[in-house]
Every structure is written in C-alpha cells, then in structure tokens.
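*Asks:* Output the structure for:
(chains A and B)
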Amino acid sequence: MLACDPIRFAALVGWRIIADPAALDAAPWPVSTEPGTSRVVRISPDDVFLIGATEPSIPGDAHAIVTPEHGFSGATISATQLADIGLHHIEWAVPATRPALAQGQIAGVPAKLVLDADGTALLLVACAAQHELEERLNGVQA
Amino acid sequence: MSRVVYDGTPIEYEPGDTLAIAAVRAGQHPARGGTLCLEGDCGHCVAIVDGTPWVRTCQTPCTPGTVVTRHPNGSHPSPGGPEHHAQVTVRHRVADHVVIGNGRSGSAAAAAARAEGADVLVLDANDGNEVVAVFDGPTVIVRTADGIDHLHAHHITLATGAAEVQPVCPGNLLSGIYTPRAATRLRAAGIDLGNVVTVGHELVTLLGDGRVSSVELADGSVLPCDSVVVDLGSAPRDVLARMAPEVPVTIVGAAGEAHPLPPPPKEGFLCTCGKVTVEDLDGVWNKGFQELELVKRSSLCGVGTCQGGMCMPHLRSFVADRSGAVPEPFRARPAARQVSLAEAAAGFHIDTFRRTPLHAAHERLGANLSKFGGWSRPWNYGDPIEEYWAVREAVSLGDVSTLGKMIVSGPDVVEALERLYPNHVHDIKVGRSRYVINLSERGHVLDDGMICREGDDRFLLSFTSGGASVAEMWVRDWVETWGLKVHVLDRTVSHGAINVTGPLAGELLRRAGVAADDHPKFLQHRHLDVAGIPCHVMRLSFTGEASFELHHQIDRSAELWDTLMDLGRPLGVKPHGLQALFGLRLEKGHVIVGQDTELDSSPRRINMDWAVKLDKPQFLGRDALIRTAKLPDERRLFGFTMAGPAPLEGSVIRVNGDVVGHVTSSWNSPLFGHAVLLGWQKRMPHANVVEIDGREARVSPVPFYDPEGARARM
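*Replies:* So this is what the prediction gives:
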C-alpha cells in the first residue's frame, strides 16, 4: 500500500503501430488538436503506442500494422508517487536517466513506466490487469 | 521491577535483559534445554512470544507484560492465527555494496569500500537490520522493525564472525549448559551461575535430570556442578555465504577463517533443530548414504532453521572420520533465521488474474466466476444445463475475449506461416480461415487455433486462451530465427470477442443489423458493423452449432454484449459459461490442448493427422513426424460412451483389471442421456470395451454429435 496519494487509472485511446524501426523513426506523428494530450510511446524499436491522436500514416513501410489501441490504462504519477512505488513494488532498478521507458513487473503485474524529464511518469498497464495493479498499489479493492 | 509472563508465571527482569536472560535469571531454561549461546546462532531459546512461535528469545528485549510460552515438548507449535500474520511491508532498496556485520572486520570492509567511492550499506542485527537470506540477483533479505527490506546489491561482504561450537554428547539437551560468550553475558547481567565447571574436548557426558548436575570427562572423572561452560572453539558463521553460491560474496574476518573441526561425535543429539542423533547418522551411513549431502538429506541433519549453523562442524567431522576426507560445507537454504509466514510472503504476489471487458456484465448476470488460464471467467450463470440447451436449441452468448489474437503482416508472412504451421497456408483465400494446430520441433501439439487471411500479406491468428501467453514469443522467435520480414502484434488484451452460437445465431445477427446475405459462411470472416459496432466476424464452431465470433475493440464490449442480450431476449438468448462450453465441445469431439493432450502428444495420437500436410516441404515438427510415423505407437486418444453418471476427469481406464489410461474429459450429455468421454489407451491392443469406475464404457467414434458438421454450417 502506498503512503502517497492513491493511483487512479483511466483507459487510454490511441493507435498501435508495428513497423520497420526506420519507418517509425521517420514517421510524421499526428498530434491532437488539444495541446499536450497526445504523445508517442516507443515501446520497442518496431512498436509505437500513439496516445490521443488521429490515425497515423507510416509512409516508409507498406506492411505496417496500424490499428486502434484501447487495451491500455494509464496513470500520470508524480515523482513522489514514483518513488513510493519504486520503494515498495519494484524489484528492478528504475532508470535514473530521463526521458526513458522501463518495462517489468510492478507489484507482480506486467507494466510500463514512461519516465519524463520533469520527474513525473506515465504508468501503463493492460486494461485486463488494471484492477490487480490498482488494488496492489492502493491496498484497496479496485 | 517489570515482569514478563513465562509459561503462565510472572517473572521479573532487569533493564537490558532479553527474554532468554530473564528466564535464566528466574532459574529457568528459555526453551526446554540445550546449550545456550545467547547470540542468535542456535535454536535453543526459541519460544512463542505474544502468540508468535519460533522467536529467538535471546534476541528479543523484555518489555512489560510480554507473554512467553515454550514450544510443546516433542512437537512443533501452531503457526498462530491470522492476528500473527498481519501484512508485512516490503521496501526495495538498492546499494552498490552491502556489508553484513558491523564488527571490526565489517567496519574495516565498509571503510575500504567507501574509500573507493562505493555507496555502502552496513547491516547488523544489533542495529535492527537482521539479514535472514541472500538470493541470486543478488538480493539480500533484511528483517527490520518496520518490515522486510529487499536489498538489491552489486557486491556483498560478509563479516558475520564465528559462532561457538556447541557440545554433542549424552546429556547435551539438559539445561544449565552455556558457551563461554553466553556465560560472560549472564555474569555481566549479574546472574550467579553457581558452581561452574568449564570443559573443552575432554567432555564425555553431561549428567543430570532436566538440569546438568555433573560432568564426566575423558579421564573418567566426574565433576559436580550447577552450570557447565563448554569451550569447543568456533566455526565460521557463514550460512549466508552458503545460501547463494552463484552470488559473489567476499568473506572477511573470522567468518572466512579456517577453524579446526571438533573431534568426531560419538553420541548425543547432533542436530538439535531436527533432533537428529549420532546414532541416526550412523544408521544412514551404514545404509550407503556416504557423502555429506546424502547424509544431510537422508537424516535431515542440517535442514532445520539454523541450516547447519550449529551442526555443520560436527557433521563434517562425522563424515571426515568415516570417509577419510573433510567434506566441503553443504549449501544453506533460506531463511537463516526463523521468519513468520507473513515475513516470508512479504512482497510476493499470486499470479495476476486478468479480467475481460465483460467482467462487470458477468457479475450482473450472477456468474460464478472461476480463475481459468490466467483469467477470471464465468464457469456458469447458475444453471449450466439451461445454458447448454440455449446453445443447442436457440442462441447463446459466450465471452471468448480470452482467446489469443495476433495480427501478422509483412512480405514474408506466407512463408513464415507455412513454416510455422503443419497445414497449408498459401491457398487460404482472403476472407477465409482454416483450423490449425501448432507443433513443436519434436512434432508434439503445443496449441491450436485459426488462421484468418485478411489480405495477401496480412493474417489474423488465433490461439487458445492458455496458449496466448506464449504465442507472441513463439511466432517472434521463429520469424527472427528464420530472418523473415514479418510484423507481429498481439491483440489478446486489446480485442474482445463474443461468440454468438446456436441455431438462431444468424437470426440474432440479423436483428443486430447484419443482413443474412452479409453473414460470413462457415470458415469465412468479414468486417461488419454489428449493432453499429465495428466487428471482425468469424464463422466457425467450437460448440457444434452455427457460431459467429465477434471480435471488436474492448471499449465497445459491454455495449455489444448488452445489445445482443436485449435483441436476443425474444429468441431465448442466454449466456453460457465454461462448464456448458466444455460439454458442448466434448459432444463435438473437440480436444482441449493441455487437458486432452499430454506434453508429448503427436497429431497421430489425438487422431488429428488430417491437420498435418506432410507434402509440405517444411514446417515445424515435420522431420519428427516423418521419423516417428514409422514407429509403432500404443498411445491413442479415444472417445467413449457409458451410462451416467459421468466419471470424474482423471478416472483410471482399465482393461481386464489392468490400468491402460485415464479419462481426460467427461460430461453427462443432456442430449444423449448418457456420458460422453475422451480418454487415453496407452497399451496395445486397444480395447473396444473398457472399465471406468467399475462400470463398462465403450469406444465410440467422435464427434459424438453431428458428425457431418451440418449444424455448424446452418
């Protein structure tokens, strides 16, 4: 159970793109009409989760998979919350550099941490496991 | 003066007393006997403290009103109720260098590491940081007043010193026996030990009734006494270093020094944790267990909570005496100290059980949810037989969101799938699908599912719910191994799926806005709006009835489900759970991989040769299938029928009294009025009549239901 404020997740809407890494590097990512609400999460060299934007095109890869993504929940967490989660629920070393992406089990649930330069982070978890992570972090029934 | 309660009797203690010292001060042994070290090394002072068993009283300060109860004589204490296993907080900490032990050598090691710029953490039980285990990682498990620390360290230095060797001789479980350091502590606490005899290796027997009263020495002399101090030297306190041999641990000070072994033990309790005597060791030695690890495992000497901390010198001396060679110490197992169940479990979680996007809908419908294949899934909604009849006679909805789903795309995708699957892939037309099995390189069935062709270079693959978790790894590994250009995206948790099944399934789809002409035919698939919700509609059948799987984005799942339930009400729609589904598919003879198959089941053994095309030049498992096809194979999965009640799954199948196999799936068929089963016969000749549960069962062709498959194509 966290000493800090409870973590609250919300479903994320976006696009999932699997394509050649070079094509993803060069892709012109669309942005949301609402400033600050869209972001590109590079999950792996060939895998992008584009949050809160219109459908992207990947001109460099004719076989790219571009599909709506509704499978993630996310929570923006403060530096304090991140430190608290790290202390009690993460058995691996959270990267010290920023920005960075870290992936692994948090409280025993597979999750991702998008670590931002300002010390905050976006905590991502599959919607199917959101209840487990929420319950384990907050110590209450989700 | 303050008091604690010891075995129901209030006893007084002095400031600074531990519970063990208070007991000795009151003329009692803190447990029921045995040499006291008062340094936390042995288990001779463990007792139940305020309801928590296995507490080392020599390490527990007295506080007013503490209730101590000695463990029951000759048996283990109860682990205590839930109140003694409250949640223990875990903290994960990271340090460059951990030094365990804050004595002279530990302090020196810490100073040297700090001088080199390392981030050093020094842990010592006397400072409230008791290290109880070291795991690979390395991870150091530390018990503190606030909970358990999981300390992730890059380097570990062990500076835990040496423990005093305790006597092994007749009478060594009497009270009134102390190590030299314990005697010093007791005297410092102002406790009068009376007439004290100090002995060393000349000790032969400790005499007395409950408490030592005299000592017999090697020269035959007998010395009367009130207390005995036994000075047998020291042994390295190295349990933590022996716990994770793969972890690089630097041992400094007395913990790393060579100490002479005591003389071979002749008689008495050698392992007081497990009450193992020298006679017991002789017994296992004479049976041929003549190596340290074998002696340990066969006698259980050294498997107690001190993990050889006390018995190791004597045990090594015993083996050296009989084998002529001094053995290396055995590996220690966590934990090095008694920990509570809550402390041992702290920070560990059971597996994650995922929920489908329809979880709330299932709960509203009163589903009995079970944990199945890593998911919470409806087992039934109260009446599985009613659910069954809804599928057979009307229409039913099933939540199949847990199925593995994967998009593959790329210029080499056909080549990759041809190599992955034993069935032909290149001739699947766009908009068509095909049932496939997945084989290992050894030709054993790993999983099964469907291939749906969406375009020339794009497919959707499905896998079983249980196989989904490894499907992506399986595909990616092989594609990368072959150097083929294929993109892979697992959609299992991003796409929901609802199976609309039953003779009125098409009618329900029509009411949901899909014109009959647009319905995909059997083994076709199409992207359609169902009740206004974009769906990838796949026509297949696991239940034996006409079925449409509606794959969709999970944010629309609940809406789609509720709409279909509303539209289907006049048709008698009901949801069905796994219980009905398993019966429905069994009547159809569909195997469940992992339930009806074994780890080495080949297609031939489960009668699925038809799903393998050996005319293909290459696919996983092909070589093994060709090789084994020439060999006789006794194992075969059969269908059986018998009068009800259906036997339990796992029931033994006998022929003429001999066990020949077991039942893998069993169901009382409401339609047939008798039981239908799948089960193995593993001995030739295969019998047509077998005995299950003492009753007759007959081999039957499968499918039991609709062998022509007409209903699935309705």
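
*Asks:* What is the burial count for the residue lying closest to residue B:446 once chain neighbours are set aside?
*Replies:* In space, and not counting its chain neighbours, residue B:446 is closest to residue B:438: 4.5 Å by C-beta to C-beta, 6 or more residues apart in numbering or on different chains. All C-beta spots, glycine's among them, are computed from the backbone N, C-alpha and C. The number of residues packed near residue B:438 is 24, by other C-beta atoms under 10 Å in any protein chain shown.

*Asks:* could you list every residue that touches residue B:438?
*Replies:* For residue B:438, the contact set (C-beta atoms under 8 Å, 6 or more residues apart in numbering or on different chains) comprises B:420-421, B:445-449, B:463, B:467, B:474, B:620.

*Asks:* SS state for the residue nearest to the spatial centre of chain A?
*Replies:* Chain A has residue A:124 as the residue nearest its centroid, 3.9 Å off, counting by C-alpha atoms, centre = their mean. Of the three states, residue A:124 takes strand under DSSP: H, G, I helix; E, B strand; the rest coil.

*Asks:* Help me confirm that it comes into contact with residue A:74.
*Replies:* Yes. Contact between residue A:124 and residue A:74 holds when scored by C-beta atoms under 8 Å: they sit 5.2 Å apart.

*Asks:* shared neighbours, these two?
*Replies:* Contact criterion C-beta under 8 Å, 6+ apart; residues shared by residue A:124 and residue A:74: residue A:12.

*Asks:* picking that back up, please, which helix or strand holds the closest residue to the residue nearest to the centre of chain A other than its chain neighbours?
*Replies:* The spatially closest residue to residue A:124, leaving aside those adjacent along the chain, is residue A:112, at 4.2 Å (C-beta to C-beta, 6+ apart). Element membership for residue A:112, per DSSP states H and E: strand A:109-115.

*Asks:* Would you mind naming what in chain A lies close to chain B?
*Replies:* Chain A comes close to chain B at residues A:11, A:13, A:16, A:18-19, A:46-47, A:63-65, A:67-71, A:86-93, A:107-110, A:126-129, A:131-132, A:136, as judged by C-beta under 8 Å from any C-beta of the partner chain.

*Asks:* Derive a ChimeraX selection command for the buried subset of those.
*Replies:* In ChimeraX, this line selects whichever of these come out buried by 16 or more other C-beta atoms under 10 Å in any protein chain shown:
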select /A:16,18,19,46,47,63,64,65,67,69,70,71,86,87,88,89,90,91,107,108,109,126,127,128,129,131,132,136
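
*Asks:* Which of the residues of chain A next to chain B fall within helices?
*Replies:* Among the residues of chain A next to chain B, DSSP state H puts A:86-89, A:127-129, A:131-132, A:136 in helices.

*Asks:* Throw those residues into a markdown table and include pLDDT and distance to residue B:540, thanks.
*Replies:* Below are these laid out as a markdown table (pLDDT from 0 to 100; distance: C-beta to C-beta, whole Å):
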| residue | pLDDT | distance to residue B:540 |
| --- | --- | --- |
| A:86 | 92 | 46 |
| A:87 | 90 | 49 |
| A:88 | 89 | 46 |
| A:89 | 92 | 41 |
| A:127 | 97 | 26 |
| A:128 | 97 | 23 |
| A:129 | 97 | 28 |
| A:131 | 95 | 31 |
| A:132 | 94 | 31 |
| A:136 | 91 | 37 |
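
*Asks:* which of those residues lies closest to residue B:337?
*Replies:* Within these, proximity to residue B:337 (C-beta to C-beta) peaks at residue A:88, which comes in at 22.6 Å.
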